[in-house]
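1. Build me a model from this:
(chains A and B)
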Amino acid sequence: MPILEVKELEAGYGPIRALEGVSIEVAEGEAVAIIGANGAGKTTLLMAISGVVPARRGAISFEGRPIVGLPTHAIAKLGIGHAPEGRRIFPRLSVRENLQLGGFTQTDRATVARDIEEACALFPVLGTRMSQMGGTLSGGEQQMLALARALIGRPKLLLLDEPSLGLAPLIVQKIFEVIASLAKRGIAVVLVEQNARAALKLADRGYVLETGRITLSGPGKELAGDRRVREAYLGEG
Amino acid sequence: MATNQAPRTSSPPAPSAGLWGFLAQRWELVTLAVLAIAPLVIPALGGALGGQVTNLFIYCILALALNVMVGYTGLVHLGIASFFGIGAYCLAILTVPMYPFQIGFLAAAVIAVLVTAGTGLALGAPTLRLRGDYLAIVTLGFGEVVKVTLRNLEQITGGMKGLNPVPPPGAGVTLSGIDLGKEFAIDPRWFYYLALLALAAVVVGMRRLENSRLGRALVAVREDELAAQAMGISATKVKLAAFAMSSAVAGLAGCLYAASLSTTADPNAYDFNRSIMVLCAVILGGLGSIPGTLLGVAILVGFDTVLAPWADSWIQQMNINPKGLSYLSFSGWRLAIFGVALVLVMRYRPEGLIPSRRLAAELHEGGTGS
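-> Numbers count the residues shown, from 1 in each chain, chains lettered A, B, ... in the order given. Predicted coordinates:
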């Protein structure tokens, strides 16, 4: 049974229909990439899964349980971590407080403290910035913080929205390495990316989203080799 | 790029040696000690000044209550005085001779605090979706509704006369030969210590809140509601908690106020001006900062209730203003000085006099990337 199953999902904003019947599946511990152009509906898809944008039609189930209509915080508690687009760390809280908030659903303080240490092992730079305000970090550090914060909630499924946006290539590489390592820890990932090449290389499977519809899907390497994908998203052809 | 650490850190100041460092780090204890000893060495605190300082403590509690909403959670609240009033009237109804309850001060205060917390929840629940200006308007309206209701429900609230006499705490209780009620009525220092004790307890409570899971959640909701929800924080619950805590503490201040004056005073004592005064104090001192809030109250309310009357009587004594011209009295200039001071602070220190660690970073680095 897939950990996440989205069926015929429709969602939008006011008169705008951003998703027009999207179906995707994510297996346990699987990394799935969603690629597509600006405005294709990638962010809306993640927002609908985590309940920020209401689904108008269709079904979403997590571990076999329907989650459409649940409030965002309740969905987060079920084990869906969402690192939203633009990082959205808490700029006026310290790095430590940001991380502690990531563990908000964990009631055991010792567990949170241990998870924070683990996150610092993953991103050593965060460990040296613990009492600094989140907003004073560089873009790359903020992205690492956003990722670490999402991980401390011990999600079973992690939704990542454009983690490479606006970052230097070296940092992007580091972040993608960490994302790739998540699967080994049994965390399923839905990765939304404009950087299609890197995303497809890392992902087990990928979907191509075009104006609210899934137009292609398949194993990551297969998609990366597909002529249409190469022309439209990998800048070849 | 990541290891270049020196210029951007804003870590807490290193413990500096010497007396000054000690004072700066332990300001709470030092201030508390000074305030606790003061009545024993300054005889004036046994007179009218004692009552004025007690009043300051009560305002400090009220301002800390408002700080939970405006400072930590970022919800604009323009009606804090109404909760102050509800607390005062609840206490009065439970203790004045006009009503059959006439229970002790402590029990009445507990009930009054619960009632104000409940009222806060009742106001908060339907208004949670509102932010910024809209919530400000609703709380402003609520403040006016409470004031007018208190004035017009004459059979219950005594209308413009208010409810009195509110018996002093410990009325009828004799402790090892001392009639507590009588002592409270005669010597303002009893109230001074009671209010100081309550203020100290509130400060400790607020400090603990700041470092708690709930306290972080309040700030997270202020900073970014969506991101907070993605962490599993229910913004609804957190905001309701802020409403309830803020109202409860304001109610406590109201209880102390009514008891120290032995009357609720008339409903105009709980009007918009008072809400704004307290809000100004919080903003002047530093949103979200406990020492800032206390300093803001000390300056604004101290200026208004201690310094201005003193300056007036001094001018009168010096016979500078024999004709009683208003532009030669200090009170005539009171609001102008007040306004200029606020404008100057906002121009040169927008984060307040003692900014909260969390806000200072933002305003002095010219905003953040997100």
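2. Point out where the stretch 151-300 of chain B drops to low pLDDT.
-> Within the stretch 151-300 of chain B, no range satisfies pLDDT under 70.
3. quick one: the helices in it?
-> For the stretch 151-300 of chain B, helices defined by DSSP state H, counting those that start in this stretch occupy the ranges B:154-157, B:180-186, B:188-210, B:213-223, B:225-230, B:235-261, B:272-285, B:290-302.
4. quick one: the third one near chain A?
-> Meaning helix B:188-210. No: using CB under 8 Å from any CB of the partner chain, helix B:188-210 stays clear of chain A, with a minimum separation of 10.3 Å. Yep, even glycine has a C-beta here, placed from its N, CA and C like the rest.
5. Output that helix as PDB, nothing but the C-alphas.
-> Written as PDB, here are the backbone C-alpha positions of helix B:188-210 (Å, rounded to 0.1, in the frame of the first residue of the first chain):
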ATOM      1  CA  PRO B 188      -0.900  51.800  51.800                       C
ATOM      2  CA  ARG B 189       2.300  49.700  52.200                       C
ATOM      3  CA  TRP B 190       0.200  46.600  52.600                       C
ATOM      4  CA  PHE B 191      -1.200  47.100  49.200                       C
ATOM      5  CA  TYR B 192       2.200  48.100  47.900                       C
ATOM      6  CA  TYR B 193       3.500  44.700  49.000                       C
ATOM      7  CA  LEU B 194       0.500  42.800  47.700                       C
ATOM      8  CA  ALA B 195       0.800  44.400  44.300                       C
ATOM      9  CA  LEU B 196       4.500  43.900  44.200                       C
ATOM     10  CA  LEU B 197       4.100  40.200  45.000                       C
ATOM     11  CA  ALA B 198       1.500  39.800  42.300                       C
ATOM     12  CA  LEU B 199       3.700  41.700  39.800                       C
ATOM     13  CA  ALA B 200       6.700  39.500  40.700                       C
ATOM     14  CA  ALA B 201       4.600  36.400  40.200                       C
ATOM     15  CA  VAL B 202       3.400  37.600  36.800                       C
ATOM     16  CA  VAL B 203       6.900  38.400  35.700                       C
ATOM     17  CA  VAL B 204       8.100  35.000  36.700                       C
ATOM     18  CA  GLY B 205       5.100  33.500  34.800                       C
ATOM     19  CA  MET B 206       5.800  35.500  31.700                       C
ATOM     20  CA  ARG B 207       9.500  34.600  31.700                       C
ATOM     21  CA  ARG B 208       8.500  30.900  31.900                       C
ATOM     22  CA  LEU B 209       6.000  31.400  29.200                       C
ATOM     23  CA  GLU B 210       8.700  32.900  26.900                       C
END
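6. can you pull the buried residues of it?
-> Neighbour-count burial for helix B:188-210, counted by 16 or more other CB atoms under 10 Å in any protein chain shown, picks out B:188-196, B:198-200, B:202-203, B:206, B:209-210.
7. And for stretch A:36-51?
-> Buried residues in stretch A:36-51, counted by 16+ other CB under 10 Å: A:36, A:40-51.
8. From these, pick out the ones that also neighbour chain B.
-> Of the buried residues of stretch A:36-51, the ones that also sit near chain B (CB under 8 Å from any CB) are A:S50.
9. Can you lay out the buried residues of stretch A:36-51 as TSV showing secondary structure and pLDDT?
-> Listed next are these as TSV, based on DSSP: H, G, I helix; E, B strand; the rest coil; pLDDT from 0 to 100:
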residue	secondary structure	pLDDT
A:G36	coil	91
A:A40	coil	92
A:G41	coil	93
A:K42	helix	95
A:T43	helix	95
A:T44	helix	96
A:L45	helix	97
A:L46	helix	96
A:M47	helix	95
A:A48	helix	96
A:I49	helix	97
A:S50	coil	95
A:G51	coil	95
